[in-house]
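S.K.: what follows is a protein structure lacking sequence information:
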């Protein structure tokens, strides 16, 4: 394992085999769902800053620009696009949360920094969160797909073995590095409506949080997002209602769904789940996997 040359430590707590949960803004983060999920976990778990990765060697500042802020309305300061890690203790596990912009440069060196932190704390697992645009309606529970390469992970957490071939983002590179380092890893993707791509989706974020919580064995703080979810659905409903063509399109999506969507009445925090019918589970899962693959390929088109 390489030395952690580009990591600036903010604290060095004692942790026991933490789970790492990562999300990156940009290419892997349709409707801001994955980044919102990690931000929510940082808030809900009162996470403490752990470390930052120096952005200088990994960022094209012409495309991912720093931002000028005014402190106390007077002092100008530069906020650099930095990947930051936080740590928290939950009932299920110690956790390291990773959040920041997808790096532009030197991805292999960048992933070495992440894995060096994982090695330093003897991390037990990496869970990456992503979101993609798909032909799904906004008024149904979020469809998720979870993949892994390790047979034990697949069996233990009811994941799928990824068969994807094609262009990838930093999440794909990071998970490949995890495999090379023998660090168990899983990738969770939420499908968000393509017609509402410009509207951040707390609904998809809640679905990612819920599934990640199941894997690490800790309650998912869905309640923090409930009001935002209700506001999101009202906003998208309004947009759809004002456009006859869009309304007809959403109705077609709604009526052609392959899965059995249902709200989980046993939950009191607004959590919603997507359950596949036994008779067509393979078809539904394969369909969503195809959406993931097509989304990744489309990113390479001019």
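M.R.: Received, thanks. This structure is a prediction, so every number in the text was calculated from the model and none was measured.
S.K.: when you work out contacts or count neighbours from here on, use the C-alpha atoms and nothing else.
M.R.: Fine.
S.K.: how about the helices in the chain?
M.R.: Here the chain has its helices, by DSSP state H, at 33-44, 107-120, 151-157, 170-180, 202-216, 226-241, 244-255, 281-298.
S.K.: next, count neighbours for residue 11.
M.R.: 12 (other Cα atoms under 10 Å).
S.K.: least confident of the helices of the chain, on average?
M.R.: Least confident of the helices of the chain, judged by mean pLDDT, is helix 281-298 with a mean of 50.
S.K.: against residue 80, how distant is the residue of the chain most remote from its centre?
M.R.: The C-alpha centroid of the chain is most remote from residue 74, which lies 35.7 Å away (Cα atoms, centre = their mean). Distance of residue 74 to residue 80, computed by Cα to Cα, to the nearest Å: 19 Å.
S.K.: next: residue 26.
M.R.: Taking Cα to Cα, one finds residue 26 at 16 Å from residue 80.
S.K.: next up, phi/psi of residue 197, please.
M.R.: phi -70, psi -30 (degrees, to the nearest 10).
S.K.: just give me the neighbour total for it.
M.R.: By other Cα under 10 Å, 15 other residues sit near residue 197.
S.K.: what do you get for residue 26?
M.R.: Quick note: residue 26 (other Cα under 10 Å) scores 18 neighbours.
S.K.: and it, what is it in contact with?
M.R.: 101-102 (Cα atoms under 8 Å, 6 or more residues apart in numbering).
S.K.: need phi/psi at it.
M.R.: The phi/psi pair for residue 26 (degrees, to the nearest 10) is phi 110, psi -130.
S.K.: didn't residue 177 look like it was pressed against residue 113?
M.R.: No: if you go by Cα atoms under 8 Å, residue 177 and residue 113 don't touch, sitting 10.9 Å apart.
S.K.: compare the helices of the chain and give me the one nearest residue 8.
M.R.: helix 107-120 (10.5 Å; Cα to Cα).
S.K.: for residue 99, give me its contacts.
M.R.: With Cα under 8 Å, 6+ apart, residue 99 has these contacts: 22-25, 35, 38-39, 83-85.
S.K.: since we're on residue 242, how many residues are nearby?
M.R.: Applying other Cα under 10 Å, we find 11 residues neighbouring residue 242.
S.K.: measure it to residue 248 for me?
M.R.: 11 Å.
S.K.: state the pLDDT value of residue 271.
M.R.: Reported pLDDT for residue 271: 23.
S.K.: oh, I was asking about residue 280
M.R.: 38.
S.K.: can you check residue 161 too?
M.R.: So residue 161 comes in at 88 (pLDDT).
S.K.: verify the stated contact: it with residue 152.
M.R.: No: contact between residue 161 and residue 152 fails when scored by Cα under 8 Å: they sit 10.9 Å apart.
S.K.: which one of those two has more residues nearby?
M.R.: The neighbour count for residue 161 versus residue 152, taken as other Cα under 10 Å, is higher for residue 161 (16 against 12).
S.K.: quickly list what residue 192 is bridged to.
M.R.: residue 133 (DSSP bridges).
S.K.: so who does it touch?
M.R.: Applying Cα under 8 Å, 6+ apart, the residues near residue 192 are 30-31, 131-136, 138, 142, 201, 204.
S.K.: can you rerun that using 7 Å?
M.R.: Residue 192 makes contacts with 131-134, 136, 204, as judged by Cα atoms under 7 Å, 6 or more residues apart in numbering.
S.K.: tell me, how many residues neighbour the nearest residue to residue 247 once chain neighbours are set aside?
M.R.: Leaving aside its chain neighbours, residue 247 sits nearest to residue 240 (5.1 Å; criterion: Cα to Cα, 6 or more residues apart in numbering). Residues near residue 240, counting by other Cα under 10 Å, number 19.
S.K.: report the separation between the residue most central in space within the chain and residue 68.
M.R.: Nearest to the mean C-alpha position of the chain, counting by Cα atoms, centre = their mean, stands residue 129 at 2.4 Å. To residue 68, residue 129 is 29 Å away according to Cα to Cα.
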